[in-house]
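**Student:** below: sequence and its predicted model.
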Amino acid sequence: MKPLKERLSITLDGDIIEKIKVLAEEQDRSVSQYINLVLKSHLKRVDEKNAKKA
């Protein structure tokens with residue numbers, strides 16, 4: 001079963017939005033899907049970095 005998703009409104013700089021749209025299109029993903037993947041990747045790196053400190 002897929003995890004439940006929640007709706008969230010955020011405000012981003014216009015140049016960031018345009019870059020995200022291009023990158024999402026290149027991967028044939030929606031902007032939401034692309035942002036979710038980028039955030040997951042970032043959080044994984046943060047967790048790994050914090051685990052090394054412990």
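**Tutor:** Nice, thanks for sending it over.

**Student:** residues in contact with the lengthiest helix in the chain?
**Tutor:** What stands out as the longest helix in the chain, according to DSSP state H, is helix 31-53. The contact list for helix 31-53, computed with Cβ atoms under 8 Å, 6 or more residues apart in numbering, reads 17, 20-21, 23-24, 27, 29. Yep, even glycine has a C-beta here, placed from its N, CA and C like the rest.

**Student:** now do the helix or strand containing Leu23 against helix 31-53, angle only.
**Tutor:** Using DSSP states H and E, Leu23 falls within helix 14-26. Per axes from the mean of the first three to the mean of the last three Cα atoms, to 10 degrees, the angle that helix 14-26 makes with helix 31-53 is 100 degrees.

**Student:** does anything pack onto helix 14-26? Which helices or strands?
**Tutor:** helix 31-53 (3 or more Cβ pairs under 8 Å, 6 or more residues apart in numbering; DSSP states H and E).

**Student:** give the rounded mean pLDDT of the helix it packs on.
**Tutor:** Averaged across helix 31-53, pLDDT comes to 96.

**Student:** buried residues in stretch 6-23, which are they?
**Tutor:** Ile20 (16 or more other Cβ atoms under 10 Å).

**Student:** what is the neighbour count of Tyr34?
**Tutor:** Around Tyr34 there are 19 other residues, counting by other Cβ atoms under 10 Å.

**Student:** mind checking how far it is from Met1?
**Tutor:** 23 Å (Cβ to Cβ, to the nearest Å).

**Student:** likewise Ile16?
**Tutor:** For Ile16, the distance to Met1 (Cβ to Cβ) stands at 33 Å.

**Student:** can you check Asn36 too?
**Tutor:** As judged by Cβ to Cβ, Asn36 and Met1 stand 17 Å apart.

**Student:** now swap in Val22 and tell me
**Tutor:** In terms of Cβ to Cβ, Val22 sits 33 Å off from Met1.
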